[in-house]
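1. this one's sequence-less:
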């Protein structure tokens with residue numbers, strides 16, 4: 001096991017390049033199951049979740065090469081349709097293979113997923129949609145056992161679900177007839193999946209809206225063009241918060257500012273300025289860091305994946321901030337670790353009250369999930385003295401070259417082995 005030792009009270013400066021979006025790359029890689037040709041993808045982040053997914057595809061019979069953020073994936077000779085527990089338990093997004101496997105082969109078995117312990121995040125919406133499309137679904141010994149040829153129909157998601165939307169979009173691609181999806185997630189990652197499938201020959205309309213119409217190919221596989229994964233808006237937001245919590249001027253390269261509207265709006269409310277030019281974004285120090293009120297919601301609202309980072313930032317504000325977490329019930333697990341560093345945070349159900357202005361002190365803290373981990377790194381950058389962030393395998397699931405990127409900005413950060 002390794003941990004990060006971080007010296008706090010630092011100033012950052014310089015530039016950092018943003019990697020491809022993990023949450024876009026995962027469904028895009030899975031979509032190769034729908035391909036009749038070798039799929040070539042660039043700008044894939046080299047993180048643990050991506051490696052897990054490639055192992056899963058290889059276990060199903062795919063061939064792949066992944067080097068220098070570029071992948072070649074060949075699923076033409078898939079020989080298995082069972083996604084086994086030992087792989088799926090490591091990453092919740094593995095459930096994304098359910099839709100395309102069922103649509104292509106007419107049957108599959110996918111283990112119920114694992115991943116971050118931030119809430120139940122049930123897959124019932126995925127299963128209800130597939131049943132509406134004609135699938136027979138059973139849960140046997142921890143596996144979703146699905147069978148049946150899928151047919152187009154109208155599917156209304158009772159609530160917005162990103163992975164549910166992605167799963168059913170891919171399922172509809174090879175279904176027979178027209179599928180109309182209502183209350184679809186509008187995240188940039190969902191939009192890119194739709195755009196890539198359209199480029200591959202799928203007839204799909206309504207991209208970027210809450211209603212999609214997909215005319216399935218009736219099992220005919222798609223012809224994929226080479227494409228590049230969009231920039232990671234959550235990684236970008238995390239580095240913006242690093243600049244903010246240290247009140248430093250830093251520049252992000254290879255970023256899409258239009259995907260960051262809600263994050264930039266809150267940072268502006270807190271007193272920070274920005275300079276934006278094409279795919280670069282510079283955060284400017286604030287004269288005073290002001291408190292903020294945040295309500296997490298689906299895109300284009302404030303992302304739940306940035307809630308923990310803003311909680312750390314709010315500890316430096318001159319006043320009291322409120323964060324209302326509406327999407328996941330267990331997403332305040334980082335609070336107890338921030339309290340160890342001297343934070344003043346009070347919880348009342350899904351609402352956190354953060355009293356800013358108290359000095360943070362370095363401490364030994366433990367990561368509980370992916371985004372909580374980054375909040376602890378941010379707090380450590382701003383704290384007095386040294387902090388040790390343990391269980392950083394969570395960080396490695398979603399942040400590429402985190403310590404080297406922070407070192408490039410001037411942070412004193414080291415990865416060490418536990419004794």
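-> Received, thanks. Everything numeric here is computed off the predicted structure, so don't read it as measured data.

2. ranges for the helices of the chain?
-> Secondary structure of the chain by DSSP state H: the helices cover 22-30, 48-60, 85-88, 98-105, 124-132, 162-173, 188-199, 233-245, 261-269, 307-314, 335-340, 370-382, 393-396, 402-408.

3. The second one: which residues count as buried?
-> When neighbours are counted by 16 or more other Cβ atoms under 10 Å, the buried residues of helix 48-60 are found to be 48-50, 52-54, 56-57, 60. Using the backbone N, CA and C atoms, a C-beta is placed for each residue, glycine as well.

4. picking up where we left off before, rebuild the helices of the chain as a markdown table, extending it with mean pLDDT and distance to residue 287.
-> Below are these laid out as a markdown table (pLDDT from 0 to 100; distance: least, Cβ to Cβ, whole Å):
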| stretch | mean pLDDT | distance to residue 287 |
| --- | --- | --- |
| helix 22-30 | 98 | 35 |
| helix 48-60 | 96 | 39 |
| helix 85-88 | 89 | 49 |
| helix 98-105 | 98 | 50 |
| helix 124-132 | 95 | 46 |
| helix 162-173 | 97 | 37 |
| helix 188-199 | 98 | 32 |
| helix 233-245 | 98 | 13 |
| helix 261-269 | 98 | 13 |
| helix 307-314 | 97 | 16 |
| helix 335-340 | 95 | 25 |
| helix 370-382 | 92 | 17 |
| helix 393-396 | 90 | 32 |
| helix 402-408 | 97 | 25 |
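
5. Include distance to residue 279 when you put those helices into JSON lines, please.
-> Converted to JSON lines, these look like this (distance: least, Cβ to Cβ, whole Å):
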{"stretch": "helix 22-30", "distance to residue 279": "16"}
{"stretch": "helix 48-60", "distance to residue 279": "22"}
{"stretch": "helix 85-88", "distance to residue 279": "35"}
{"stretch": "helix 98-105", "distance to residue 279": "31"}
{"stretch": "helix 124-132", "distance to residue 279": "34"}
{"stretch": "helix 162-173", "distance to residue 279": "24"}
{"stretch": "helix 188-199", "distance to residue 279": "14"}
{"stretch": "helix 233-245", "distance to residue 279": "11"}
{"stretch": "helix 261-269", "distance to residue 279": "15"}
{"stretch": "helix 307-314", "distance to residue 279": "22"}
{"stretch": "helix 335-340", "distance to residue 279": "33"}
{"stretch": "helix 370-382", "distance to residue 279": "22"}
{"stretch": "helix 393-396", "distance to residue 279": "25"}
{"stretch": "helix 402-408", "distance to residue 279": "17"}
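
6. Show me what residue 66 bridges to in the sheet.
-> For residue 66, the beta-bridge partners are residue 71 (DSSP bridges).

7. dump the residue contacts of it.
-> The neighbourhood of residue 66, defined by Cβ atoms under 8 Å, 6 or more residues apart in numbering, consists of 44, 46, 50-51, 54.

8. Out of those residues, which is nearest to residue 381?
-> Comparing the contacts of residue 66 against residue 381 with Cβ to Cβ places residue 46 closest, at 23.5 Å.

9. Okay then, goodbye and thanks.
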